[in-house]
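K.L.:
My questions are about this predicted structure, shown below with the sequence.
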Amino acid sequence: MDVTIRESAVAGTTQAPPSKSYTHRAILAAGYAGGATVHDPLVSADTKATMRAVSAYGGTVDRSDESAIAVEGFDGRPETPDDVIDCANSGTTMRLVTATAALQDELTVLTGDDSLRSRPQGPLLDAVGQLGGRADSTRSNGQAPLVVGGGIDGGTVAIPGDVSSQYITALLMAGAVTESGIDVDLTTELKSSPYVDITLEVLEDFGVTAEQTHDGYTVAGGQSYDPADGTYHVPGDFSSMSYLLAMGALAGDDSVTVTSAFPSAQGDSAIVDILDRMGATLDWDREDGEITVERSALSGIEVGVEDTPDLLPTIATLGAAADGVTRITDAEHVRYKETDRVSAMAEELTKMGAEVEEKQDELVVYGEDTSLHGATVDGKADHRIIMSLAVAGLVADGETTVTGTEHVDVSFPNFFEVLSDLGAAVER
Ligand SMILES: O=C(O)C1=C[C@@H](OP(=O)(O)O)[C@@H](O)[C@H](O)C1
Ligand SMILES: C=C(OP(=O)(O)O)C(=O)O
């Protein structure tokens with residue numbers, strides 16, 4: 001589906017969608033437990049993939065209540081799935097439930113869409129192998145489809161940290177229910193480390209202890225997942241908020257207020273600081289969980305996305321509309337997402353008149369003397385590219401058509417309704 005956005009202003013108050021990362025972990029943790037009720041979950045294409053996996057391993061997932069998901073777990077002992085698990089577009093699902101598959105003796109087959117079947121799984125497959133499990137890529141290229149099983153008992157693994165932190169999350173979550181636990185030794189520096197902090201936070205809330213060590217992380221075996229009161233509450237999503245805050249800073253008429261913005265382990269709350277450094281007038285009331293931002297003249301900055309890869313598309317759009325140079329560094333791992341997001345933003349913003357330079361681990365946006373104009377841009381079947389280009393469309397001269405916009409259902413299903421409700425000129 002194509003969406004056309006005309007240069008227009010936005011104003012008003014909107015609630016941030018629930019966190020995708022916390023929802024995935026809470027649903028799977030409830031699966032590892034006897035069960036739990038997950039309140040305020042994100043129900044999206046990606047989190048539904050994790051729900052499918054929990055069901056495939058013998059849990060049940062009841063979505064009859066709109067604001068809470070009741071999960072009956074498989075209690076640390078996943079069953080052999082009756083069928084292939086389709087992880088669709090969700091890297092988090094595939095990585096997290098690969099480690100679940102390794103816990104049972106028989107084999108599980110995991111697959112996904114074209115994008116997911118081109119993303120790297122090799123280091124995690126290798127880690128399962130080091131633990132004595134079986135983990136193969138059917139095409140022997142380190143990519144899905146995957147065949148995983150073998151009944152791991154725990155042990156020590158050496159794994160790189162610069163491809164995906166989701167491998168570490170997967171091993172810690174599964175490791176807790178192994179016999180002897182898992183020690184993860186990182187062979188290279190960890191990227192996206194706040195996502196492991198989110199994992200540690202969720203594990204703690206489910207009564208499971210895992211911790212950072214000198215060389216990586218460790219989780220003891222023989223633990224049980226058991227959340228206090230059998231419930232878990234999902235906080236708002238700062239990656240999704242980044243589009244709402246960016247549109248307020250670029251196109252706010254009066255101001256835009258985002259609610260459900262409480263502090264948590266999410267690295268992407270750095271968007272508040274990034275906007276502040278770029279010159280945005282904004283205020284974060286942490287107690288009330290509200291961020292208010294006003295239209296502001298922005299200037300380019302240098303920002304590393306080592307810990308916050310999902311912010312790259314948003315920052316690229318901000319940079320294209322800001323004055324001066326925005327240099328986004330430490331970005332190589334952003335190439336391993338739903339699409340290569342460094343190239344995607346370089347290509348598509350260029351179509352809108354931005355001057356952009358792409359390096360292997362950097363994206364440089366030259367905001368000086370350029371102004372954005374409308375164009376037809378390719379959303380690359382990637383939710384974050386689509387939303388970032390839509391935000392750029394609000395400040396581009398004329399009309400911007402973004403293709404393939406249905407893919408926002410991965411993390412922010414009602415994104416275009418929200419955009420419209422805030423007053424943007426959106427045609428679907
Ligand atoms: O664990 C998670 O919830 C995520 C980790 C990050 O991936 P990497 O660790 O692969 O960088 C992030 O990009 C992704 O959107 C969600
Ligand atoms: C990369 C993302 O998610 P995943 O790795 O779960 O596909 C994302 O949401 O931007």
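P.N.:
Right, received. Where do you want to start? Numbering: from 1, shown residues only. Ligands and ions are numbered 1, 2, ... in the order given.

K.L.:
Next up, the contacts around Gly207.
P.N.:
Contacts for Gly207 (Cβ atoms under 8 Å, 6 or more residues apart in numbering) come out as 223-228. To be clear about C-beta, it is placed using only N, CA and C from the backbone, and glycine gets the same treatment.

K.L.:
Now which of those would you call buried?
P.N.:
Among the contacts of Gly207, those classed as buried by 16 or more other Cβ atoms under 10 Å are 223, 225-227.

K.L.:
Mind listing what's buried along the lengthiest strand in the chain?
P.N.:
Looking across the chain with DSSP state E, the single longest strand is strand 252-259. Going by neighbour count (16+ other Cβ under 10 Å), the buried part of strand 252-259 is 252, 255-259.

K.L.:
before we move on, what about stretch 141-161?
P.N.:
So, applying 16+ other Cβ under 10 Å, buried residues of stretch 141-161: 142-144, 146-150, 152, 154-157, 159-161.

K.L.:
Just give the number of residues close to Asp421.
P.N.:
14 (other Cβ atoms under 10 Å).

K.L.:
Just to check, it is in contact with Gly12?
P.N.:
Yes: checked against Cβ atoms under 8 Å, the pair Asp421 and Gly12 is within contact range at 7.1 Å.

K.L.:
Quick check: what element follows the longest strand of the chain along the chain?
P.N.:
Using DSSP states H and E, the helix or strand that follows strand 252-259 in sequence is helix 270-278.

K.L.:
what packs against that next one?
P.N.:
helix 238-251, strand 281-285, helix 312-321 (3 or more Cβ pairs under 8 Å, 6 or more residues apart in numbering; DSSP states H and E).

K.L.:
Residues contacting that helix, please?
P.N.:
238, 241-242, 245-246, 249, 282, 284, 291, 293, 298-301, 303, 307-308, 311, 314-315, 318, 322, 326.

K.L.:
For ligand 1, what's its nearest residue on the stretch 1-150 of the chain.
P.N.:
Relative to ligand 1, the nearest point of the stretch 1-150 of the chain is Ser21 (3.3 Å; Cβ to the nearest ligand atom).

K.L.:
Could you pull up the residues touching that residue?
P.N.:
So Ser21 contacts 92, 195, 198, 237, 266 (Cβ under 8 Å, 6+ apart).

K.L.:
Name the nearest of these relative to Ile5.
P.N.:
Closest approach between the contacts of Ser21 and Ile5, by Cβ to Cβ: Asp237, at 21.8 Å.

K.L.:
contacting residues around the nearest residue to the closest one once chain neighbours are set aside?
P.N.:
Leaving aside its sequence neighbours, Asp237 sits nearest to Ser19 (Cβ to Cβ, 6 or more residues apart in numbering; 4.1 Å). If you count contacts by Cβ under 8 Å, 6+ apart, Ser19 has them with 42, 234-238, 264, 266.

K.L.:
hang on, the earlier thing: ok, so of the contacts of Gly207, who is nearest Gly175?
P.N.:
Closest approach between the contacts of Gly207 and Gly175, by Cβ to Cβ: Gln223, at 8.8 Å.

K.L.:
Please name the residues that touch the closest one.
P.N.:
So Gln223 contacts 176-177, 207-209 (Cβ under 8 Å, 6+ apart).

K.L.:
just Glu332 next, same as before
P.N.:
162, 342, 360-361.

K.L.:
Kindly indicate the member of the residues you listed with the most neighbours.
P.N.:
In terms of neighbours by other Cβ under 10 Å, the contacts of Glu332 top out with Val342 at 27 neighbours.

K.L.:
for that one, helix, strand, or coil?
P.N.:
When classified by DSSP: H, G, I helix; E, B strand; the rest coil, Val342 comes out as helix.

K.L.:
Run a quick check on it versus Glu357, I expect a contact.
P.N.:
No: the criterion here is Cβ under 8 Å, and Val342 misses it with Glu357 at 10.7 Å.

K.L.:
Spit out the residues that contact the two alike.
P.N.:
Leu363.

K.L.:
The residue in the chain sticking out farthest from the centre: what's it in contact with?
P.N.:
Most distant from the centre of the chain: Asp369, at 33.5 Å, with distances by Cα atoms, centre = their mean. When contacts are counted by Cβ under 8 Å, 6+ apart, Asp369 touches no other residue.
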